[in-house]
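> All I have is the shape, not the residue letters:
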C-alpha cells in the first residue's frame, strides 16, 4: 500500500486580466496556494485553492504547520477519512473560509492523485454524467463598466456560441441597473440568458424592489442579493419574486446548504469547490441539491469546476472567468460555447511548472521517495 511521503506547498499571486469590481469589493489579486502530494510510489497529485486579494498567507500557514504534516504516512486513497480527520484536527477554526480553503487544496490534490493512479479523468471518476457543459460569461459584466461595454461584450460572447452573460448590479439607483439590463436585453434578444449578481449588497426591502425590475427583462437569476448568512431573508425574497434566487459561493459547509434548501431560500446552488473544502464536500452538496430538484451552477474556478459539473446530472452552466492561463500550458477546451472536460487522468489541468516556480518558493514537508 502506497502512503503519503512528501508534500510541496507553493503560493502564487495571479493578477486579474481585467478590472473586476462588484457591489462590495474589487479584485486586485488572486492568491493561489498550490499543494503537491507525492506518495511512496512516487505518484503525484496537485490541488489548489484561491483567495481574492487577502488571506493567502494564513491558508499557507495552516497548511504548513497543521494539515500537511498530518498527511505523512496516510493512505492517500482514503480521501473521505482524511478529509474528516483534518476537519476535526482544525475544529476550533471550522467552519470558516481559511480552514475550508486549506482543506480544499489538499482534497483536490488527493483526488488528482487518485484519478491519475486509476487512469481516469475526474469528470468520469466522480460520476461521468455528461461530456460538455454550456458557458456563460462574467468577465464583461463588471459593475464599473459602462452600458455600451456590457452590450458589446454580451454580443461578442453570443457570437462565440455562449448561451448567457452575467451582469453585476448594485448601482446607486435601481433605474441605473434597469437601463443597463434593458440595453443588453435589446441587443441580445429574448433567447440569450442574462444573469445578475448583487454580491450581498442589498437589504431585503431593496432586493424586493430590484427583483421586481428584473422580472421585466426575463432575468435568469438574481445571485447573492443579501448577506449569505440571511437564510430567512432569502426565503422571503424567493416568495416575493419569480426571478430564481442563486446562492452558495459564500457558504462553507454542507449544513449551510441544507438550511437554504430546507427553507426554500434558493433555487440555484452555486457551491464553490475551494470555499466548501474540496471535491469531497462539493459532490455532497451537488447531490443534496439534486434531491431538492435544484440546479448546481458553481462559482468561479472554471478549470476545476468543469469536470465536476460534467460529473453530476443537475448542473446547467459553467461560469467563464479565465483564471489559470498564465500558469498552464493548455487552455480549457471550448467548442461553440460549450466547455469540454479533458480526458487526461486527474483534474485535467496542465500546469506550467516553470511559470509557477518563477513566482514561488517551495515549502517541503516529509521526505522525498
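Yes, it's here. Not measured: the values here are computed from a predicted model.

> Following the record's annotation, map out the domains of the chain.
4-119+350-366, 124-340 (automatic domain parsing).

> Out of the ones you listed, which gets the lowest mean score?
Among the domains of the chain, domain 4-119+350-366 has the lowest mean pLDDT, at a mean of 94.

> what distance separates the start and the end of it?
9 Å (Cα to Cα, to the nearest Å).

> from the chain's centre, how far out does it sit?
Remark: domain 4-119+350-366 is offset 15 Å from the chain centroid, using Cα atoms, centre = their mean, to the nearest Å.

> What of stretch 116-132?
Here the centre of mass of C-alpha atoms in stretch 116-132, compared against the chain's by Cα atoms, centre = their mean, lies 18 Å away.

> Which of the residues in it are classified as buried?
By 16 or more other Cβ atoms under 10 Å, the buried positions in stretch 116-132 come out as 116, 117, 120, 121, 122, 123, 124, 125, 126, 127, 128, 132. For the C-beta atoms, the positions are set from N, CA and C on the backbone; glycine is no exception.

> who's in contact with it?
Residues outside stretch 116-132 that contact it (Cβ atoms under 8 Å, 6 or more residues apart in numbering) are 43-45, 77, 111-112, 114-115, 279, 283, 306-308, 310-313, 315, 335, 338-348.

> Buried ones only from those, please, as a ChimeraX command.
To isolate the buried members of those in ChimeraX, using 16+ other Cβ under 10 Å:
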select :44,45,77,111,112,114,115,279,283,306,307,308,310,311,312,315,338,339,340,341,342,344,345,346,347,348
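
> re the thing from before, the buried residues of stretch 116-132 in strands, which ones?
Among the buried residues of stretch 116-132, DSSP state E puts none in strands.

> Can you add distance to residue 9 and give these back as TSV?
Formatted as TSV, the buried residues of stretch 116-132 follow (distance: Cβ to Cβ, whole Å):
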residue	distance to residue 9
116	19
117	21
120	26
121	25
122	22
123	27
124	29
125	25
126	25
127	30
128	31
132	34
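
> Mind picking the two most distant members of these?
Pairwise distances across these peak at 25.9 Å for 117 and 132 (criterion: Cβ to Cβ).

> Go through this structure and flag its longest helix.
Counting residues, the longest helix found in the chain (DSSP state H) is helix 97-118.

> Contact partners for residue 96?
Residues in contact with residue 96 (Cβ under 8 Å, 6+ apart) are residue 252.

> separation between it and residue 350?
Distance, residue 96 to residue 350, using Cβ to Cβ, to the nearest Å: 32 Å.

> Then residue 94?
32 Å.

> Which helix or strand contains residue 194?
strand 193-197 (DSSP states H and E).

> quick one, the following helix or strand past that strand and strand 193-197 angle?
Sequence order places helix 204-214 as the next helix or strand after strand 193-197, per DSSP H and E. Helix 204-214 runs at 170 degrees relative to strand 193-197, counting by axes from the mean of the first three to the mean of the last three Cα atoms, to 10 degrees.

> Who are the packing partners of helix 204-214?
Judged by 3 or more Cβ pairs under 8 Å, 6 or more residues apart in numbering; DSSP states H and E, helix 204-214 is in contact with helix 174-188, strand 222-223, helix 231-240.

> cutoff 7 Å now
helix 174-188, helix 231-240 (3 or more Cβ pairs under 7 Å, 6 or more residues apart in numbering; DSSP states H and E).

> Just the ones of the contacts of stretch 116-132 in helices?
Filtering the contacts of stretch 116-132 for helices - DSSP H - leaves 111, 112, 114, 115, 279, 283, 306, 307, 308, 310, 311.

> ok, now which ones touch the first one?
Listed by Cβ atoms under 7 Å, 6 or more residues apart in numbering, the contact set of residue 111 reads 79, 122, 279.

> what does the fifth one give?
The neighbours of residue 279, taking Cβ under 7 Å, 6+ apart as the test, are 107, 108, 111, 126, 273, 308.

> cool, and the third one?
Under the criterion of Cβ under 7 Å, 6+ apart, the neighbours of residue 114 are 77, 79.

> If we use 6 Å, what do you get?
Contacts for residue 114 (Cβ atoms under 6 Å, 6 or more residues apart in numbering) come out as residue 77.

> Contacts made by stretch 13-21 with the rest, please.
By Cβ under 6 Å, 6+ apart, stretch 13-21 touches 27, 29, 30, 31, 32, 139, 142, 143, 144.

> Tell me the one of these nearest residue 196?
Residue 196 has its nearest neighbour among those in residue 143, at 10.9 Å by Cβ to Cβ.

> That closest one: neighbour count?
Per other Cβ atoms under 10 Å, the neighbour tally for residue 143 reads 20.

> excluding its backbone neighbours, what's nearest residue 196?
The shortest distance from residue 196 to any non-neighbouring residue, by Cβ to Cβ, 6 or more residues apart in numbering, is to residue 169 (4.9 Å).

> isn't the one you found right up against residue 178?
No. Using Cβ atoms under 6 Å, residue 169 is not in contact with residue 178, being 9.3 Å away.

> Who has more neighbours out of those two?
A direct count of neighbours by other Cβ under 10 Å for residue 169 and residue 178 places residue 169 higher, at 28 against 17.

> residues touching the more buried one, list them.
177, 196, 198.

> can you give me the strands in this protein?
Using DSSP E, the strands of the chain run over 4-14, 30-39, 44-48, 133-137, 164-168, 193-197, 222-223, 245-247, 268-269, 295-296, 318-320, 333-335, 338-340, 363-366.
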